[in-house]
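> give me a 3D structure for the following:
(2 chains)
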2 protein chains.
Amino acid sequence: MPAEQDALKQVDRNLDASLERLFAFLRIPSISTKSAHTQDCRIAAEWLVTELKSLGFRAATRETPGHPIVVARREGPAAAPHVLFYGHYDVQPVDPLALWEKPPFEPRLATGPDGAKEIRARGAADDKGQVMTFIEACRALIEADGNLPVGVTFVIEGEEESGGMNLLPFLKANAEELKADLALICDTGMLDAKTPAITTMLRGMVGEEVTIIGADRDLHSGMFGNAARNPIQVLCDIISDLRDGTTGRVTLAGFYDGVPDIPDRVREQWRSIGPSDEMGLGSVGLRWPAGEVGYTALEQTWCRPSCEINGISGGYEEDGFKTVLPAKASAKISFRLVGEQDPDAVRRSFREHVRSRLPKDCTAEFTAHGGSRASVVPADMPQLGRALDALTNEWETTATVIGCGGSIPVVGEVKEALGLDTLLIGFGLDDDRIHSPNEKYSLTSFHKGTRSWVRVLKALGR
Amino acid sequence: MPAEQDALKQVDRNLDASLERLFAFLRIPSISTKSAHTQDCRIAAEWLVTELKSLGFRAATRETPGHPIVVARREGPAAAPHVLFYGHYDVQPVDPLALWEKPPFEPRLATGPDGAKEIRARGAADDKGQVMTFIEACRALIEADGNLPVGVTFVIEGEEESGGMNLLPFLKANAEELKADLALICDTGMLDAKTPAITTMLRGMVGEEVTIIGADRDLHSGMFGNAARNPIQVLCDIISDLRDGTTGRVTLAGFYDGVPDIPDRVREQWRSIGPSDEMGLGSVGLRWPAGEVGYTALEQTWCRPSCEINGISGGYEEDGFKTVLPAKASAKISFRLVGEQDPDAVRRSFREHVRSRLPKDCTAEFTAHGGSRASVVPADMPQLGRALDALTNEWETTATVIGCGGSIPVVGEVKEALGLDTLLIGFGLDDDRIHSPNEKYSLTSFHKGTRSWVRVLKALGR
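Next up, the predicted model:
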């Protein structure tokens, strides 16, 4: 087997050209949740197909009822295992646009407050930059060794940020073609800028949109105020009731069914390795943990379920004042799930919570936006140990296993459709501002992330 | 004195031309609250000046820090009283535009569901159509009699719909020029389509905008959910606490100070003349009164104070889903005041309500949007009786005195700055959809409203 150092040197030599390719990818405004960007999503998918074909992959866009999925395959040595790499080419919306220092789809290198170089653009970290670490690692291995150490199949979708429902049916329908030994995903973070990590605990998610409807038209609040039911007030009452004001616990009936306690041993370990509440929240201008009383911020985001209001809207929202009593008001709400919490049960319980609080004269409409269970990687999985060692070698700091507050529904879907366990290896940092204005990805994450994948793929091929 | 019938016949002869003039006025999109329409407000003011000059008024636009005020004056007979007519040329915003059957600034005549002709456009009823009933009455009187029966000064402003603060200083600064015996306003409604009314009870108003601020940027709800304080949740808790869930009463400290009880005699009278809850709310698709328990919808809007949420906004509000935990959330809230309620005290109490409920890590910012006391016209005012008789003659139904849920702050300002009492005589109907899509003004209101003013002005000149 060729020396690991040859491929690592090739990564270093390629760095400028790798960045050029990433910038080209970042310039495509592939916002999956906005219909105005449907064509941009297709352009992003086709851009990937062209790149992967140039590396000797059999690659194509595959149609779904929504945005296309990119599938690409290249075999490894005869006896080597085959890995399935999942990523997504779609990105989050960019509003509020006014808060971006520079246009979000004009990527650039800049120097961060700590002096480190940063790649700035929407999607730099989530997930285009992370996807490109894997593609550039494949490139360096092929250029240095003439072959990959393992077989690789890419599945890169375009609906991760929009709660799309098309991936699971696609995986099921193409299970034979997508057969592999292990799944790899690069959409998570490190413990901190120096410490690499593999995420083994992932929360599930339920997304719900609810609209409360009162009168059959917008009313004048002077003529009808007090007397006509105000849907904003009704919505606020319902939302306010979602959490117990004293304990911070979510009040939905049965919500905590299937939520495991955190073992004392684990809590102690996390309190020693993890950031304090002050550090974790301090990075975004906060200090005091909200949510459930008795848990640190880290515990709450790694392994407690949550309920967040992601958006609310109703009545007159522009400049100035308008004494309207609106006909409707709506909110987007997400629940993060852990342990054995059942997404369908949580959704039902939320809808019942709303319906049971509707006053006479009001109705509610619901829209589901995705649902997935939490997932946990077995601690004794042999590839986990080898990947941790590979990361430790690259970063010269012991790699650790962590939890993640975000939801990556594909982990459960890959298990369900293809029977595969997933290693979540990513190089994001807490201050990457993913989903926010001025998203960035550390240049070190991009460079050493690519080198990390070279080492991990070599280790998996041994 | 010339016969009343001559001027009434002149109103009838003028009707088509009067409508043409109103349509020209309605075509000007003078939305005062939107800065994009600043120039349109000036165009509307200048349009009025041209019209009033053509009727022999000394007329001019007068500058303020905001939109200009139109002032016009024409003397009456030597011994006759002088009236000050107040109206506003600005209109409400038109969103949601998609709910309009036709463009809001393309006025037209249409037939309503009951077969009655309607003038449809933004501002048709509030207040351009009503202002034009008075101007067209002056025209008919001048054309038929060669003179007005009373002296008339117009003050027509452009900030009524945007909570502007410029009228009161203007009235005070020009008190000598604006001297009169009585103020008249045409910005209210009839009891029903057959029964004319003079509004003698008006609620005051306090408008407040509050923004709750948490983290220093938008966050990913997976990474920070539970642990970081969510400003939408905080805002909903604060709003939910504004009303007692059982009694429907507003919970602000001292809110009901100065609120008079409704005398039993008055409540009985209203229950006999006014629409039932079912009728009043039924017209907008509702049935059950909300608000304070123990009061009818009519009582609540005529003489009880209220608190309404006019708008709420925060996080991701567009199509699809985004798992953001926003940095801020805001609401626009109005309080309607009755009796001796003090607008400044209510505003202070609201801000204290918010501040006392702010969790650690959150701040609140406030913007005031206007404040005015409630006002009541003395029942023994001699001109009130004469005006009621004039309306009774025109509509052949006994005119009545009523209350109004809306706020017309100018009534208090005219009293404060000029020492004048005001007669509120208007021809709007409950289903005029003012402040809503598809606003309309009954053609009968426009025609008989103009005739009514001829009779009222004659009666006041006697």
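> what residue spans form the domains of chain A?
The record's domain split for chain A, according to automatic domain parsing, is A:4-188+A:408-461, A:204-262+A:300-372.
> how about the ones you listed in a markdown table, adding mean neighbour count?
C-beta coordinates here come from the backbone N, C-alpha and C atoms, glycine included. Shown next, in a markdown table, are these (neighbours: other Cβ atoms under 10 Å in any protein chain shown):
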| stretch | mean neighbour count |
| --- | --- |
| domain A:4-188+A:408-461 | 20 |
| domain A:204-262+A:300-372 | 21 |
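> could those go into JSON lines alongside distance to residue B:143 and mean pLDDT?
What follows is the domains of chain A, written out as JSON lines (distance: least, Cβ to Cβ, whole Å; pLDDT from 0 to 100):
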{"stretch": "domain A:4-188+A:408-461", "distance to residue B:143": "55", "mean pLDDT": "96"}
{"stretch": "domain A:204-262+A:300-372", "distance to residue B:143": "35", "mean pLDDT": "94"}
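> for these, which one sits closest to residue B:65?
Distance to residue B:65, taken as Cβ to Cβ, is lowest for domain A:204-262+A:300-372 among these, at 15.2 Å.
> which of the domains of chain A sits closest to residue B:13?
Using Cβ to Cβ, the domains of chain A put domain A:204-262+A:300-372 closest to residue B:13, at 34.6 Å.
> whichever residue of the stretch 1-150 of chain A sits closest to chain B in helix, strand or coil?
Nearest residue of the stretch 1-150 of chain A to chain B (Cβ to the nearest Cβ) works out as residue A:33 at 3.2 Å. At residue A:33, secondary structure determined by DSSP: H, G, I helix; E, B strand; the rest coil is coil.
> list the contacts of the closest residue to it other than its chain neighbours.
Leaving out its chain neighbours, the residue that sits closest to residue A:33 by Cβ to Cβ, 6 or more residues apart in numbering or on different chains is residue B:320, at 3.2 Å. Contact analysis of residue B:320 by Cβ atoms under 8 Å, 6 or more residues apart in numbering or on different chains lists A:33-34, A:93, A:162-163, A:369.
> got a markdown table for those residues, with distance to residue A:281 too?
Formatted as a markdown table, the contacts of residue B:320 follow (distance: Cβ to Cβ, whole Å):
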| residue | distance to residue A:281 |
| --- | --- |
| A:33 | 28 |
| A:34 | 31 |
| A:93 | 25 |
| A:162 | 28 |
| A:163 | 27 |
| A:369 | 27 |
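> from those residues, which is closest to residue A:377?
residue A:163 (23.4 Å).
> tell me the bridge partners for the closest residue to residue A:407 other than its chain neighbours.
Of all residues not flanking residue A:407 in the chain, residue A:205 sits nearest, at 3.7 Å (Cβ to Cβ, 6+ apart). Beta-bridge partners recorded for residue A:205 (DSSP bridges): residue A:336, residue A:372.
> follow-up on the earlier one: for the residue of the stretch 1-150 of chain A closest to chain B, what are its contacts?
For residue A:33, counting by Cβ under 8 Å, 6+ apart, the contacting residues are A:92-93, A:161-162, B:318-322.
> next, format these as TSV and append secondary structure and distance to residue B:409.
Shown next, in TSV, are those (DSSP: H, G, I helix; E, B strand; the rest coil; distance: Cβ to Cβ, whole Å):
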residue	secondary structure	distance to residue B:409
A:92	coil	44
A:93	coil	40
A:161	helix	47
A:162	helix	46
B:318	coil	35
B:319	coil	39
B:320	coil	41
B:321	coil	42
B:322	coil	40
